[in-house]
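*Asks:* Let's see this in three dimensions:
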Amino acid sequence: MPNKKTTQPTQGALFPVHPGCPGMDNLPLIVHPEGAIEVLVPGSVYQPLLLSPSQQDIDVGPGKLDEHEEAFVRDLICRLYPAGNHPKSDKMPLKWGDREVWLKRNIEKRDESFRLRVDDSDWFYPDFIVWIVDYATRMQTFGFVDPKGLTIGVGAGWSDYKIVSTLYMPHVVERQLAASGQEVEFEGQKWTFRVRGVLVSTSSFANLSAQAKFNLNDEDGKLVTPTEADFKRGRIVFQKVDTSYIDEVLQLLTEDSAVDHLLSRSALLFDNSAYFIPSGEFEHDLALRHQENTQTESEFIAALIRDYTKPDSKGVYGSWASKNRRRQLMDYAAEGKWGFGAEKVSDIRDHPSPCQELWKRKQKSEKKVRE
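*Replies:* Numbers count the residues shown, from 1 in each chain. Down below sits the predicted model:
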């Protein structure tokens, strides 16, 4: 069967053209639903300025925030500044502890806007850039957040281009930026630069978890309903009435999970200019999947998410993948399948690293065929 993998679009830079940052005056208020708090929107959220055109053929944008975008901005500010004393100027960052947070509106289909794409999908323009600067660790996180109704907004579930762009493409972008020699240097010191995203679901957990397109494989390979913790590992958090979900958003932008590590290694695997040497069970399963792959990159990533996002009863990720590889290992048993001869079934059943062992035996078998 022919391989369906497509050429990965090259990012090259975060923005097609350099964005400008004009001054902001007469910024709009966001009114708290209870009427108790009014939040003056930071200047960076509205770029360019909201204008009233005198001519109908002038496109001035970006237009008002919709209710979910407005809620995200309000909740972020109220979470960081419960006393209501946040900075309003576009020249001043928000503060998250000792870290700076620069919030910017990202306008769809503008030349200066940030965008991502996987396979031959449409470009994904997340609604907000949340740039986090940590001077203590010399870490800059170029974060993006997109509040969206996911029941309808991501029709393909885990393989939808918006989800794959959020989970996986940041790792691809990091590799491409590194390959192009771009480094972040400030005051004579090199900084670590990361790209990470989060989808804020405006659809409720009850509605989203009922969608079969978001089911995950449990340790026995049975499709089951994801929990909120599973969605979070898939970089989806739920917009709630209170502001507590903002903590989850900021955590996801600045901290990686085992799933993120797996996706980072997948980006290396699909990089034709890099050489991938698997290490450990996860990476040997990745290498096997890539060798067997007849899927698009989006489908490949979606299959990983389904197999590795839900931990088993012991908190171990990828149990189903290991069980599946152990079953396949029977085909490569010494002296034939099912342990006839020198190797017993128990030798395979109790093997501590079935993915790595299957990889080795497949490589050996293929080498014999070539000879």
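
*Asks:* contacts, neighbours, all on C-alpha from now
*Replies:* OK.

*Asks:* Any idea how many residues pack against Arg196?
*Replies:* 26 (other CA atoms under 10 Å).

*Asks:* Could you do Thr294 as well?
*Replies:* Neighbours around Thr294, by other CA under 10 Å: 15.

*Asks:* Specify the local secondary structure of it.
*Replies:* coil (DSSP: H, G, I helix; E, B strand; the rest coil).

*Asks:* longest strand anywhere in the protein?
*Replies:* The longest strand of the chain (DSSP state E) is strand 189-201.

*Asks:* Which elements pack onto whatever helix or strand comes next after that strand?
*Replies:* Next helix or strand after strand 189-201 toward the C-terminus (DSSP states H and E): helix 205-209. The contact analysis (3 or more CA pairs under 8 Å, 6 or more residues apart in numbering; DSSP states H and E) places helix 205-209 against helix 150-153.

*Asks:* Doesn't Phe142 lie inside a helix?
*Replies:* No - read with three-state DSSP, Phe142 is strand and lies in no helix.

*Asks:* What pairs with the longest strand of the chain, parallel or antiparallel?
*Replies:* Strand 189-201 has its sheet partners listed here by DSSP bridges as strand 139-148 (parallel), strand 184-186 (antiparallel), strand 236-238 (parallel).

*Asks:* pLDDT on the longest one, on average?
*Replies:* The one in question is strand 139-148. Mean pLDDT, strand 139-148: 93.

*Asks:* Check the second one too.
*Replies:* Within the predicted structure, the mean pLDDT of strand 184-186 is 76.

*Asks:* pLDDT below threshold where in the stretch 151-300 of the chain?
*Replies:* 180-182 (pLDDT under 70).

*Asks:* Let me see the ranges of the helices in it.
*Replies:* 161-167, 169-179, 205-209, 228-233, 245-254, 258-269, 280-292, 297-308 (DSSP state H, counting those that start in this stretch).

*Asks:* list the buried ones in the fifth one?
*Replies:* It refers to helix 245-254. Within helix 245-254, the residues that count as buried by 16 or more other CA atoms under 10 Å are Tyr245, Ile246, Glu248, Val249, Leu250, Leu252, Leu253, Thr254.

*Asks:* returning to that earlier point: what's the closest of the strands paired with strand 189-201 to Lys314?
*Replies:* strand 236-238 (23.4 Å; CA to CA).

*Asks:* Tell me which residues are up against that closest one.
*Replies:* Strand 236-238 has contacts (CA atoms under 8 Å, 6 or more residues apart in numbering) with 198-205, 228, 231, 245, 248-249.

*Asks:* Try it again at 6 Å.
*Replies:* Leu199, Val200, Ser201 (CA atoms under 6 Å, 6 or more residues apart in numbering).

*Asks:* Stretch 122-134 now?
*Replies:* 99-106, 108, 115-117, 140-146.

*Asks:* same thing with stretch 259-268?
*Replies:* Tyr168, His171, Val172.

*Asks:* Repeat the analysis, applying 7 Å as the threshold.
*Replies:* Tyr168, His171, Val172, Arg233, Ala274, Phe276, Tyr308, Thr309 (CA atoms under 7 Å, 6 or more residues apart in numbering).

*Asks:* roughly how far apart are Val173 and Leu116?
*Replies:* According to CA to CA, to the nearest Å, Val173 stands 9 Å off from Leu116.

*Asks:* Report how many residues lie close to the residue lying closest to Val154 once chain neighbours are set aside.
*Replies:* Spatial nearest neighbour of Val154, excluding adjacent residues (CA to CA, 6 or more residues apart in numbering): Asp160 at 5.7 Å. Asp160 has 18 neighbours, counted by other CA under 10 Å.

*Asks:* these two touch, right, Asp160 and Gly153?
*Replies:* No - assessed by CA atoms under 7 Å, Asp160 is found out of contact with Gly153, at 9.2 Å.

*Asks:* Pick out the most distant pair among the contacts of stretch 259-268.
*Replies:* Going by CA to CA, the pair spanning the contacts of stretch 259-268 furthest: Arg233 and Ala274, at 27.0 Å.

*Asks:* Pull the residues that contact the biggest helix by length in the chain.
*Replies:* Criterion DSSP state H: the longest helix present in the chain is helix 354-370. The set of residues that contact helix 354-370 without belonging to it, under CA under 7 Å, 6+ apart, is Gly280, Glu281, His284, Asp285, Leu288, Ser322, Arg325, Arg326, Leu329, Tyr332.

*Asks:* which residues does the first one contact?
*Replies:* When you say that, I think you mean Gly280. Gln356.

*Asks:* residues of stretch 313-325 that come out buried?
*Replies:* So for stretch 313-325, counting by 16+ other CA under 10 Å, buried means Tyr317, Gly318, Ser319, Trp320, Ala321, Ser322, Lys323, Asn324, Arg325.

*Asks:* Thank you, goodbye.
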